[in-house]
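A.B. asks: Let me see the structure of the following:
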Amino acid sequence: MRPHQPHNTNEPDTDSEEVIFNRIYRRHVNELTRYACKFVPREEAADIVHDVYITMWRQKKIFIPPDEVRYFLYRCVPVSYTHLRA
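C.D. replies: This is a model prediction of the structure:
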């Protein structure tokens, strides 16, 4: 992640929560879906991954250190699987 820079009102805020979240999503969604597919069919894997990203957004985990994001996402897959199965 880039260091915080003073906000210039003439430029869009490129480090907004949505921008950071979308960047994380695009970077990890395919590999996370492949990981979830090891446990369930693809349709269910997509639901699990969707749930993982909702959890991430709600808990504001987009601000964890970048080298820990992947670990967090992978740890959420079994939790989401259990949650959706209940």
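A.B. asks: what's near enough to touch the residue positioned nearest the centre of the chain?
C.D. replies: The centroid of the chain falls nearest to residue 53 when counting by Cα atoms, centre = their mean (4.3 Å). Applying Cβ atoms under 8 Å, 6 or more residues apart in numbering, we find residue 53 in contact with 21, 25, 29. The way it works is simple: take the backbone N, C-alpha and C, and place the C-beta from them, glycine included.
A.B. asks: What does it show for phi and psi?
C.D. replies: phi -70, psi -30 (degrees, to the nearest 10).
A.B. asks: try residue 64
C.D. replies: The phi/psi pair for residue 64 (degrees, to the nearest 10) is phi -70, psi 160.
A.B. asks: how many other residues sit next to residue 27?
C.D. replies: Residues lying near residue 27 (other Cβ atoms under 10 Å) number 14.
A.B. asks: Model confidence score at residue 13, please.
C.D. replies: Per-residue confidence (pLDDT) for residue 13: 53.
A.B. asks: ignore the last one, residue 9
C.D. replies: At residue 9, pLDDT is 42.
A.B. asks: got a list of what residue 62 touches?
C.D. replies: Per Cβ under 8 Å, 6+ apart, neighbours of residue 62: 17, 20-21, 24, 56.
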